[in-house]
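Participant: I need the structure of the sequence given here:
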Amino acid sequence: MPRQTYTAGEAARRLGISIDTLRRWDRQGRIRTRRDHANRRVVLASEVERLRGGSLHHDLSARNRLVGTVREVKIEGLLAQVELEAGPFRIVSVITREAAEELALEPGDPATAVVKATSIMIER
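Facilitator: Sure thing, here's the model as predicted:
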């Protein structure tokens, strides 16, 4: 039977965020949590999947995926610079303006940095 809940720490790792960010999201109402019998914060697996963007099926064949949150998008000319916070990591990727506009990336949006060879692509 698939897992139904995650501890706060497990949920944070699956989402690529820090436990402090998970707590902040809980206070802001961005993520729904519950309390177990010992008053510890737990997160439903369905809530983690909602924030991850649904199923784990991906169109790209890359193993290295860093799930995170868009911090900044700078568009200039034909290129866009996207800064992503993925747990303790800060990832900056340069993609085409067209790709950034198609993804409609905004600060605070969930996104995934896909690392393949020496390239990092952004998917949502």
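
Participant: Just give the nearest non-adjacent residue to Thr5, would you?
Facilitator: Closest residue to Thr5 apart from its sequence neighbours, by Cβ to Cβ, 6 or more residues apart in numbering: Val42 at 4.6 Å. From N, CA and C alone the C-beta is placed, and that goes for glycine too.

Participant: Quick one: name whatever helix or strand follows the helix or strand hosting the one you found.
Facilitator: Using DSSP states H and E, Val42 sits within strand 41-44. Under the assignment DSSP H and E, the closest C-terminal helix or strand after strand 41-44 is helix 45-52.

Participant: packing partners for that following helix?
Facilitator: Applying 3 or more Cβ pairs under 8 Å, 6 or more residues apart in numbering; DSSP states H and E, one finds that helix 45-52 makes contact with strand 5-7, helix 8-15.

Participant: contacts for it?
Facilitator: For helix 45-52, contacts defined as Cβ atoms under 8 Å, 6 or more residues apart in numbering pick out 2-6, 11, 14-15, 31-33, 55, 67, 110.

Participant: Return the item of those residues having minimum pLDDT.
Facilitator: Lowest pLDDT among these: Ser55, with 49.

Participant: Note down every partner strand of the strand holding Val42 and its orientation.
Facilitator: Within its sheet, strand 41-44 is paired with strand 5-7 (antiparallel), strand 34-35 (antiparallel), according to DSSP bridges.

Participant: Deepest-packed of the helices and strands packed on helix 45-52, please.
Facilitator: helix 8-15 (a mean of 18; mean count of other Cβ atoms under 10 Å).

Participant: Now do that helix and helix 45-52, the angle between them.
Facilitator: Counting by axes from the mean of the first three to the mean of the last three Cα atoms, to 10 degrees, helix 8-15 lies at 40 degrees to helix 45-52.

Participant: list the helices and strands the top helix by length along the chain packs on?
Facilitator: Looking across the chain with DSSP state H, the single longest helix is helix 19-28. Taking 3+ Cβ pairs under 8 Å, 6+ apart as contact, the helices and strands that helix 19-28 lies on are helix 8-15, strand 41-44.
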